[in-house]
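In: Quick one: sequence plus predicted model below, questions after.
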Amino acid sequence: MEILPAIDLRNGKCVRLIQGDYQREIHYSNDPAEIAEGFERANAKWIHIVDLDGARSGRVQNLPAVKAIIQAVDICVEIGGGIRNSDDIRELLDAGAARVILGTAALEDWSWFEGLVQRSELARKLSLGLDARQGRLATHGWTDQTQQSALEIARRVRGWPLAAINYTDISRDGMLAGANLEAIEKLAQATNVPVIAAGGITRLADVVALNKLPLAGIIIGRALYEGSINLSEALRIIYKSPSGD
């Protein structure tokens, strides 16, 4: 299992939203690339980036900041938020992103998404973003609630050449309330696509508990910025674990 520290971008700055609410923003840094360099020094192997402006508007908005992060570090970067077409995907991959996450666009045009995933040059480079409240998926930067089930979608993509499913429990995200272990485990067991979980990871005990589940990774955001989890210590726990390769 990998730990992916998160950088959420809004107006080129590093922020966090409470439960995805754009009116409840916490500002952390005007220099996201510097934050990324700190994660690299802590020995992270991946960084998770979300373009919050893009997620809400439907087009990539923070490309200069994304490119600055990629250029600042020598570790892998995955990016999501506002990616709605093939040109956006190609531009981000050409900029050096290792993985591109599609959420709203995939759910709203499933046949287009399925066709992309089956393209050989995109194998293992696309991730499916599933963001759920009480098991039901939300889209457009979490501003629109759907009746689609996260579990049903996870089952539908079994065997697809996806890089991962990025699963976020919106009710826990940014709340420092602990991860929803039951929901995460159910989703991970529903598919054979690697699952990366996010939402509410607050303490090292959460990291230890999640490392016992069949996960490819976990995303940690606010807990790192506010000091309830030390990234270097969390990574040492993972890499010492027999299941943390």
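Out: Yep, that arrived. Bear in mind the structure is a predicted one, so any value in this text is a computation, not a measurement. Numbering: from 1, shown residues only.
In: going forward, measure contacts between C-alpha atoms and count neighbours the same way
Out: Fine.
In: So which residues of the chain form strands?
Out: Secondary structure of the chain (DSSP state E): strands at 2-10, 13-18, 21-29, 46-51, 76-80, 99-102, 126-133, 136-139, 144-149, 164-169, 195-198, 217-220.
In: Next up, the contacts around Leu92.
Out: Counting by Cα atoms under 8 Å, 6 or more residues apart in numbering, Leu92 touches Val100.
In: Reformat the strands of the chain as a markdown table; add mean neighbour count.
Out: Output for the strands of the chain, formatted as a markdown table (neighbours: other Cα atoms under 10 Å):
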| stretch | mean neighbour count |
| --- | --- |
| strand 2-10 | 25 |
| strand 13-18 | 21 |
| strand 21-29 | 14 |
| strand 46-51 | 24 |
| strand 76-80 | 23 |
| strand 99-102 | 25 |
| strand 126-133 | 25 |
| strand 136-139 | 22 |
| strand 144-149 | 13 |
| strand 164-169 | 24 |
| strand 195-198 | 26 |
| strand 217-220 | 24 |
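In: who wins for proximity to Ser57 among the ones you listed?
Out: With Cα to Cα, the closest approach to Ser57 among the strands of the chain belongs to strand 46-51: 10.0 Å.
In: How about residues contacting that closest one?
Out: Counting by Cα under 8 Å, 6+ apart, 2-10, 36, 39, 60-62, 66, 75-82, 219 sit against strand 46-51.
In: OK, contacts around the closest residue to Asp131 other than its chain neighbours?
Out: Counting by Cα to Cα, 6 or more residues apart in numbering, Asp131 lies nearest to Thr168, which is 4.7 Å off, once chain neighbours are set aside. Residues counted as contacts of Thr168 (Cα under 8 Å, 6+ apart) are Gly129, Leu130, Asp131, Ala132, Ala197, Ala198, Gly199.
In: In CSV, list these along with pLDDT and distance to Trp112.
Out: Shown next, in CSV, are those (pLDDT from 0 to 100; distance: Cα to Cα, whole Å):
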residue, pLDDT, distance to Trp112
Gly129, 95, 15
Leu130, 95, 17
Asp131, 89, 20
Ala132, 87, 22
Ala197, 96, 25
Ala198, 93, 26
Gly199, 89, 28
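In: Would you mark the buried spots in stretch 223-239?
Out: For stretch 223-239, burial by neighbour count (16 or more other Cα atoms under 10 Å) applies to Ala223, Leu224, Tyr225, Ile229, Leu231, Ala234, Leu235, Ile238.
In: out of those, who's nearest Glu114?
Out: Closest to Glu114, out of all of the buried residues of stretch 223-239 and judged by Cα to Cα, is Ile238, at 33.1 Å.
In: hang on, the closest one packs against Ala209?
Out: No. Counting by Cα atoms under 8 Å, Ile238 stays clear of Ala209, with 10.9 Å between them.
In: quick one: the helices in this structure?
Out: Taking DSSP state H to define them, one finds helices in the chain at 32-41, 52-57, 63-72, 86-94, 104-108, 110-117, 150-156, 181-189, 204-210, 222-225, 231-240.
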